[in-house]
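> can you look at this prediction? I've put the sequence above it.
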Amino acid sequence: LAGWGIPAGVIFIIIGINTNFYGRHLIPVNGNYNSTNMCWITNTIVHYVTNVAYFILVFLGNTTMLIVVCVKVVRLKGGDKKSIFTVLGLTCLLGITYGIAFFSYGPQSVPVLYLFCILNPLQGFFIFLWYCMLIRSSSNTASETSKSSRSTTN
């Protein structure tokens, strides 16, 4: 509900302020193809405020969570290398792609947008890999514990 409700609320607020801020937006196409229209925010200031504000909220929320997790990991583990790699993995999992989206303005916008579109869907795959590594490390710890308990009982 929030995934559709919040953006719809933003659009209703934009339309409530001025109906000319939202409407047909021309998308120019290179080559011999026809340009096309889509329903989008037509005012550039409103466009940047709504999109950049969304990126800032996601990025700040993820950065806050990353800092909280870093502090907890360092307190619990003492800052060893495995903990540091865990934190770096969490950085990828917690939306580094939205940090990349900040650089999607200006002359490098097309390559950055391609990078964003490739990395953003891969976050689920990265979470899966991280989960597999957690399961693997916990099963190794469990097997070492069972081996040591067998050797002490024999």
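Looks like it arrived, so ask away. Keep in mind that what you see is a predicted model, and the values were worked out from it rather than measured. Numbering: from 1, shown residues only.
> please count neighbours and contacts with C-alpha atoms only from this point.
OK.
> what helices or strands is the helix ranked longest in the chain leaning on?
When the chain is parsed with DSSP state H, its longest helix is helix 44-77. If contacts are counted by 3 or more C-alpha pairs under 8 Å, 6 or more residues apart in numbering; DSSP states H and E, helix 44-77 sits against helix 81-93, helix 96-101.
> one more time with 10 Å, if that's ok
helix 2-17, strand 36-41, helix 81-93, helix 96-101 (3 or more C-alpha pairs under 10 Å, 6 or more residues apart in numbering; DSSP states H and E).
> how far off centre is it?
Offset of helix 44-77 from its chain centre (C-alpha atoms, centre = their mean, to the nearest Å): 9 Å.
> now it: buried residues?
By neighbour count on 16 or more other C-alpha atoms under 10 Å, the buried set for helix 44-77 is H47, T50, F55, I56, V58, F59, N62, T63, L66, C70, V73.
> that one vs helix 2-17, what angle?
150 degrees (axes from the mean of the first three to the mean of the last three C-alpha atoms, to 10 degrees).
> single out the most deeply packed of the helices and strands packed on helix 44-77.
Each of the helices and strands packed on helix 44-77 was scored by mean neighbour count; the highest is helix 96-101, a mean of 19, by mean count of other C-alpha atoms under 10 Å.
> that one: what's the following helix or strand?
Downstream of helix 96-101, the first helix or strand assigned by DSSP states H and E is helix 109-119.
> would you confirm that Y33 belongs to a strand?
No. Assigned with DSSP: H, G, I helix; E, B strand; the rest coil, Y33 falls outside any strand and is coil.
> picking up where we left off before, now the buried residues of helix 44-77 as CSV including distance to V10?
Converted to CSV, the buried residues of helix 44-77 look like this (distance: C-alpha to C-alpha, whole Å):
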residue, distance to V10
H47, 11
T50, 8
F55, 14
I56, 15
V58, 16
F59, 19
N62, 21
T63, 24
L66, 27
C70, 33
V73, 37
